[in-house]
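>>> can't give you the sequence, but here's the structure:
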Ligand code: UD1
Ligand code: UDP
């Protein structure tokens, strides 16, 4: 019997990383049963935001690249939509896999559902309950266009039920009779798979940065709420500069180009000033293996990234979250992640607590067993009755 054709839509850095878990599980278990097609929307395009992950994580090069680049939400999404429609019509996949909550996810959801291709949404059900966050709209629309929805956490699964999705639905599954699953997180699959390799291959980066294991803080900032609001960005970076000096600890900051662009173009004087801070080390984005090594070896993590919050948990590191709310609420409920917003007092207080006392809390397994990708592929095959 011929195999099935899965079309993956990726575009932003974390989606390329997530797709590697699916690619690996296809290679290991469904080599002759699944044909994988990868469409890159081109949302991220700098080498260190895109190509590096295909090379390092051994993912098939994209079969198509729409090359949309950066633009306003409407322009960017509409260019993706037009490009995706053409390719979907030509490729006619059995189903379309979407990851996460970016504009590439949204465009994939609209294009595929209007053409009646079933959608598999990986990382379904996450909600921040803040619709001013662009990702929140993308999440809601994508979930409601999907046929198979894979929720990574209990909270995400419950959110789907609260929106009317019914776990008891039985096959055949369609967009009007969707199926929801609690699967665990495919990024946990990746972190487990790459952790030792990352540590072995990338440890020399610590020397290059002149930092010791467990004796530096890892920081990422890229959310629009922190980079488009110059006051927030300045407060956060000034607080970190003060804390790094006060505690004599290096902060390693591989920053998204969005953040560096804002600093260079809109706050050049401030940027110049903090670039010369004794303990702050600004870096271009690093590869996933480098990032994994840094996460594994740091003392604590400060971030506004969804993915990095979770990875702090995978590597049992306390985390300060530079946001008012998070979709990964289990981390905050567990007390190992603290929401500090861009509030200098809160940042200083929680940083001091974690720096001096660490965390005595446990890091329970909220994110599955590291085999989420295999589970997802098995369910997809079942939908097409290929197992
Ligand atoms: C996007 C996602 C966000 C995700 C993040 C992962 C949306 C709405 N947002 O945010 O959910 O957390 O990706 O990293 O989809 N830029 C470059 N080079 C690149 C890519 C971007 O310089 O390769 C700069 C451009 O100035 C661009 C800005 O970053 O305008 C923002 O890029 P964009 O893809 O629109 O949003 P992200 O902030 O990356
Ligand atoms: N990441 C990376 N290099 C970096 C910063 C992040 O490889 O310089 C990885 C990180 O380990 C995680 C993912 O990118 O797996 C998170 O992406 P990002 O923070 O851009 O987006 P989000 O998860 O918030 O959507």
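Structure's in. What do you need? Every value quoted in this text rests on a predicted model; they were computed, and no experiment measured them. Numbers count the residues shown, from 1 in each chain. Ligands and ions are numbered 1, 2, ... in the order given.

>>> Get me the contact residues on this structure for ligand 2.
13-14, 17, 220, 222, 254, 256, 285-286, 288, 291, 305-308, 311 (C-beta under 6 Å from any ligand atom). C-beta: built from backbone N, CA, C; applies to glycine.

>>> out of those, who's nearest residue 118?
Of all the residues of the chain next to ligand 2, the one with the least separation from residue 118 (C-beta to C-beta) is residue 14, at 23.2 Å.

>>> Specify the local secondary structure of that closest one.
Classification of residue 14 using DSSP: H, G, I helix; E, B strand; the rest coil returns helix.

>>> Likewise for residue 281?
strand.

>>> Give me the neighbour count for it.
For residue 281, the count of nearby residues is 17 (other C-beta atoms under 10 Å).

>>> got a list of what it touches?
Residue 281 sits next to 209, 211, 250, 251, 252, 253 when contact means C-beta atoms under 8 Å, 6 or more residues apart in numbering.

>>> biggest separation within these, which pair?
Using C-beta to C-beta, the contacts of residue 281 span at most 12.0 Å, a distance reached by 211 and 253.

>>> Type out the ChimeraX command that picks the buried ones from the contacts of residue 281.
The ChimeraX selection below is limited to those of the contacts of residue 281 classed as buried (16 or more other C-beta atoms under 10 Å):
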select :211,250,251,252,253
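
>>> Can you get me the start-to-end distance on stretch 44-61?
15 Å (C-alpha to C-alpha, to the nearest Å).

>>> what comes into contact with it?
Outside stretch 44-61, the residues touching it (C-beta under 8 Å, 6+ apart) are 11-13, 16-17, 19-20, 23-24, 36, 38, 40, 62, 67, 69, 190, 194, 256-257, 284-289.

>>> Between the two ends of stretch 329-339, what distance do you get?
10 Å.

>>> before we move on, the earlier item: for the residues of the chain next to ligand 2, work out which two are farthest apart.
286 and 306 (17.5 Å).

>>> Which one's more surrounded, these two?
Between residue 286 and residue 306, counted using other C-beta under 10 Å, the more crowded position is residue 306 (22 against 18).

>>> Now the more buried one. Its backbone dihedrals?
Here is the backbone geometry of residue 306 (degrees, to the nearest 10): phi -70, psi -50.

>>> pLDDT (mean, whole number) over stretch 302-314?
For stretch 302-314, the mean pLDDT works out to 98.

>>> hang on, isn't residue 359 packed against residue 336?
Yes. With contact defined as C-beta atoms under 8 Å, residue 359 reaches residue 336; the gap is 5.4 Å.

>>> So which of these two has more stuff around it?
residue 336 (21 against 18).

>>> what residues does the chain put near ligand 1?
Near ligand 1, when you scan the chain using C-beta under 6 Å from any ligand atom, you find 12-14, 43-46, 49, 70, 101-103, 134-135, 222, 256-258, 261.

>>> Just the ones of the residues you listed in helices?
13, 14, 103, 134, 135, 257, 258, 261 (DSSP state H).

>>> The fourth one - how many residues pack around it?
Using other C-beta under 10 Å, the number of residues around residue 134 comes to 17.

>>> Also the last one?
Residue 261 is flanked by 13 other residues according to other C-beta under 10 Å.

>>> how near is residue 33 to residue 369?
Going from residue 33 to residue 369 by C-beta to C-beta, to the nearest Å gives 23 Å.

>>> ChimeraX command to pick out the buried ones of the contacts of stretch 44-61?
Per 16+ other C-beta under 10 Å, the buried members of the contacts of stretch 44-61 correspond to this ChimeraX selection:
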select :11,12,13,16,17,19,20,23,24,36,38,40,62,190,194,256,257,285,286,287,288,289
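
>>> What residues does the residue nearest to residue 149 when sequence neighbours are not counted make contact with?
Take residue 149 and drop its neighbours on the chain: the residue closest to it by C-beta to C-beta, 6 or more residues apart in numbering is residue 124, 3.7 Å away. With contact taken as C-beta under 8 Å, 6+ apart, residue 124 is in contact with 139, 142, 143, 146, 149, 150, 151, 156, 160, 180.

>>> which of those lies closest to ligand 2?
Looking at the contacts of residue 124 and their distance to ligand 2, the nearest is residue 139, at 11.4 Å (C-beta to the nearest ligand atom).

>>> Got the confidence number for that closest one?
Per-residue pLDDT puts residue 139 at 98.

>>> so it, which of the three states?
The three-state assignment at residue 139 reads helix, by three-state DSSP.

>>> which residues sit in contact with it?
By C-beta under 8 Å, 6+ apart, residue 139 lies in contact with 101, 124, 125, 126, 127.

>>> And the pLDDT for the second one?
The one in question is residue 124. The per-residue pLDDT reported for residue 124 equals 98.

>>> And it, how far from residue 186?
According to C-beta to C-beta, residue 124 stands 12 Å off from residue 186.

>>> Secondary structure class of residue 205, three-state.
Residue 205 is classified as helix under three-state DSSP.

>>> How about residue 362?
Residue 362 is classified as coil under three-state DSSP.

>>> Give me the phi and psi angles of the residue nearest to it when sequence neighbours are not counted.
Spatial nearest neighbour of residue 362, excluding adjacent residues (C-beta to C-beta, 6+ apart): residue 334 at 8.0 Å. Per-residue torsions, residue 334: phi -70, psi -20 (degrees, to the nearest 10).

>>> Same question for residue 120.
Torsion angles, degrees, to the nearest 10, at residue 120: phi -110, psi 120.

>>> Now do the same contact list for it.
6, 95, 96, 97, 98, 146, 147, 148, 150, 376, 380.

>>> What helix or strand is residue 233 located in?
helix 230-247 (DSSP states H and E).

>>> got it, and residue 290?
helix 288-297.

>>> and that helix, what does it pack onto?
When contacts are defined as 3 or more C-beta pairs under 8 Å, 6 or more residues apart in numbering; DSSP states H and E, helix 288-297 packs onto helix 51-56, helix 186-202, helix 204-208, strand 216-220, strand 250-254, helix 306-314.

>>> Of these, flag the one that's most buried.
Comparing the helices and strands packed on helix 288-297 by mean neighbour count (mean count of other C-beta atoms under 10 Å), strand 216-220 comes out on top with a mean of 25.
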